[in-house]
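**Q** I need the structure of the sequence given here:
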Amino acid sequence: MAEAYIVDAVRTAGGRRGGRLAGVHPVDLGAATLDAIADRNDFDASAIEDVITGCVMQGGEQSGDVGRNAVLASKLPDSIPSVSIDRQCGSSQQAIQFAAQGVMSGTQDMVLAHGIESMTRVPMGSTFKLFKDAGLGTNKSERLEEAYPGVQFSQFMGAEMIVKKYGFSREQLDEFALESHQKAIKAVESGAFDNEIVPIEIETAEGKELHKVDEGIRFDASMESIGGVKVLQEGGAITAANASQICDGSSAVLVCSEQALKDHGLTPRARIVNLTVTAGDPVIMLEEPLFATDRALERAGMKIGDIDLYEVNEAFAPVPLAWLKHVGAERAKLNVRGGAIALGHPLGASGSKLMATLLNALEQSGGKYGLQTMCEGGGQANVTIIERLG
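**A** Coordinates of the predicted model:
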C-alpha cells in the first residue's frame, strides 16, 4: 500500500465567543488557512484533487457545503472540489484520515484536509434548535428511542459519568485545567506556535490588527480563579473552567503521496503511520478514545512507550485524565502546548488544528512519533499516529 505524507499543517489562533474573530465569516476564515497552505508551499495548487472539510454546525453561514464555499473564497482554483463532513468533534481529524486513505489507495496524490467552525456565528446546537423550534422534529427517531428509551445523549452528562467512573475530584480537574493554561502561556511566550498559526486581519476599535494569539488563554489563571467557577450541574465536578472553550477557528493539513512529493519537489514533514476510528457506548460517550488508542497501537505494532508526544483533545478535563490512567501514558508528554481548555475547541476545525500543534511540537522537541485522539458525539473516536521526518 502507498504511503501518505503530511507536507504542511496550519491553523488560525482561536477566537473566543463574540471575540476577535466574531466579525469574520466562517467561509472567509476557512479560506485563510487554504490560502496559507498554497502560500507557504511552492507547488501548482491546481494539482490538489480534493478538499475535505470538517464542520459540525452545517447551517446558516456554514451551510451549502461550507468547504466548497471556502475554496471559492480562497486563492485556490475553482476547479478544486470540496466536500464537508461531520464526525462531530473529530470532523477534521476524520478529514485527515479520509485524505490519507485517498492517497494510500492510490486514487489520489494530493488532498487537503480542512476544518471550519465559527461557534460565535453558528452557535453550538443551533442547527438542532432551529429545526425543533420550527416544528420540524429532532434527530431522535422512534427506533432510536426504542433502543435508548428516555436517554438524553449529552456530552456534559458523559463527562460527569467519567468523573465518577474514574474517581476524579473537582480539584484534580481544576489542576489539569490550570496546567493547560500554563503550558499554553509558555508556548506563546517561547514562540512555539509561530510556525503553525496563520494571522488573520481583523477590525478593532483601534483599527486593523492581525489576530495571532489564542484568545482563550488565561494569562492570569490560578487555582483560585478556576476553583471559583460554579459547577454546571448540582453535585457535579465539571465547570466552564475545566472544560473546553467555545471557539472560532480554521485549520488545514496538506496530505500527499510519494509521487506528488517528487512531482512538485515537496519535502514531507511527517508520515502517517496508522488511521483508526472506533465507536462504543453513546451514553458515556467521551470514553471511546481510551479503547480506540488500544486498537490503534495494536494495529500499528506499537506500545504507548513508543510514542513521544500525544494530543488528546481536552473536551473536558476528565477525558485526557481517564485516557492517561487507562493507557498508562506519561503526563509530561500529553498536550505539551496546552489544549482546548486554554486554546479553545472549534468543533469541526479541532482535528486538523491539533495535528498542526502535534507536528510542530514533535519538530521542536526532536520526537519521532506522535499520537492524536479525539472524543466525539455518539461515542466515537479517531486516532491518528504520525512519524516525524527530517
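**Q** which residues sit against stretch 305-312?
**A** 289, 319-320, 323, 329, 333-336, 339, 354-355, 357-358, 361-362, 365, 367-374, 385 (CB atoms under 8 Å, 6 or more residues apart in numbering). (Each C-beta comes from the backbone N, C-alpha and C, glycine too.)
**Q** and that stretch, what's buried?
**A** 307-312 (16 or more other CB atoms under 10 Å).
**Q** could you do stretch 276-292 as well?
**A** Under 16+ other CB under 10 Å, the buried positions of stretch 276-292 are 276-278, 280, 282, 284-292.
**Q** ok, which stretches of this structure are helices?
**A** For the chain, applying DSSP state H gives helices covering 26-40, 66-73, 91-104, 126-133, 142-147, 155-166, 170-190, 223-227, 258-264, 288-300, 318-327, 340-343, 350-365.
**Q** from the chain's centre, how far out does stretch 131-140 sit?
**A** With CA atoms, centre = their mean, to the nearest Å as the basis, stretch 131-140 stands 28 Å off its chain's centre.
**Q** so for it, mean pLDDT?
**A** Stretch 131-140 carries an average pLDDT of 94.
**Q** and what of stretch 108-121?
**A** pLDDT averaged over stretch 108-121 gives 98.
**Q** report the distance from that stretch to the chain centre.
**A** Using CA atoms, centre = their mean, the offset of stretch 108-121 from its chain centre is 10 Å.
**Q** next one: stretch 14-29
**A** Distance, centroid of stretch 14-29 to centroid of chain: 16 Å (CA atoms, centre = their mean).
**Q** for stretch 51-69, same thing?
**A** Its chain's average C-alpha position is 16 Å from that of stretch 51-69, according to CA atoms, centre = their mean.
**Q** what about that stretch, how long is it end to end?
**A** 11 Å (CA to CA, to the nearest Å).
**Q** and stretch 169-183, how far out from the chain's middle?
**A** On CA atoms, centre = their mean, the centre of stretch 169-183 falls 20 Å from the chain's centre.
**Q** stretch 348-368 now?
**A** That offset, for stretch 348-368, works out to 11 Å (CA atoms, centre = their mean).
**Q** convert the C-alpha atoms of it to CSV, please.
**A** Backbone C-alpha positions of stretch 348-368 (Å, rounded to 0.1, in the frame of the first residue of the first chain) are rendered in CSV as follows:
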residue,chain,number,x,y,z
GLY,A,348,-15.1,20.8,13.2
ALA,A,349,-11.7,22.6,13.0
SER,A,350,-10.1,20.9,16.0
GLY,A,351,-8.9,17.7,14.4
SER,A,352,-6.6,19.4,11.9
LYS,A,353,-5.8,22.1,14.5
LEU,A,354,-4.4,19.5,16.9
MET,A,355,-2.4,18.0,14.1
ALA,A,356,-0.7,21.3,13.4
THR,A,357,0.2,21.6,17.0
LEU,A,358,1.4,18.0,17.3
LEU,A,359,3.6,18.2,14.2
ASN,A,360,5.3,21.4,15.3
ALA,A,361,5.8,20.1,18.9
LEU,A,362,7.4,16.9,17.5
GLU,A,363,9.8,19.0,15.4
GLN,A,364,10.6,21.4,18.2
SER,A,365,11.3,18.6,20.7
GLY,A,366,13.0,16.2,18.3
GLY,A,367,10.4,13.5,19.0
LYS,A,368,9.7,10.8,16.4
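**Q** what is the burial count for residue 209?
**A** Neighbour count of residue 209, defined by other CB atoms under 10 Å: 13.
**Q** show me the contacts for it.
**A** 201-202.
**Q** apply 10 Å and report the result again.
**A** 20, 199-203 (CB atoms under 10 Å, 6 or more residues apart in numbering).
**Q** residue 263 too?
**A** 43-44, 47, 109-110, 256-257.
**Q** switch to 8 Å and redo it
**A** Contacts for residue 263 (CB under 8 Å, 6+ apart) come out as 47, 109.
**Q** same question for residue 83.
**A** Residue 83 touches 50-53, 65, 67-68, counting by CB under 8 Å, 6+ apart.
**Q** could you find the closest non-adjacent residue to residue 127?
**A** Leaving aside its sequence neighbours, residue 127 sits nearest to residue 59 (CB to CB, 6 or more residues apart in numbering; 3.9 Å).
**Q** doesn't residue 129 make contact with the one you found?
**A** No: in this structure residue 59 lies outside contact range of residue 129 using CB atoms under 8 Å: 10.0 Å.
**Q** would you confirm that residue 20 contacts residue 210?
**A** No: counting by CB under 8 Å, no contact exists between residue 20 and residue 210, whose distance comes to 10.1 Å.
**Q** and for the two, which residues touch both?
**A** In contact with both residue 20 and residue 210: residue 202, using CB under 8 Å, 6+ apart.
**Q** so those two - more neighbours on which side?
**A** Neighbour count, other CB under 10 Å: between residue 20 and residue 210, residue 20 has more, with 20 against 12.
**Q** can you tell me how far residue 231 is from residue 70?
**A** The gap separating residue 231 from residue 70 is 38 Å, by CB to CB, to the nearest Å.
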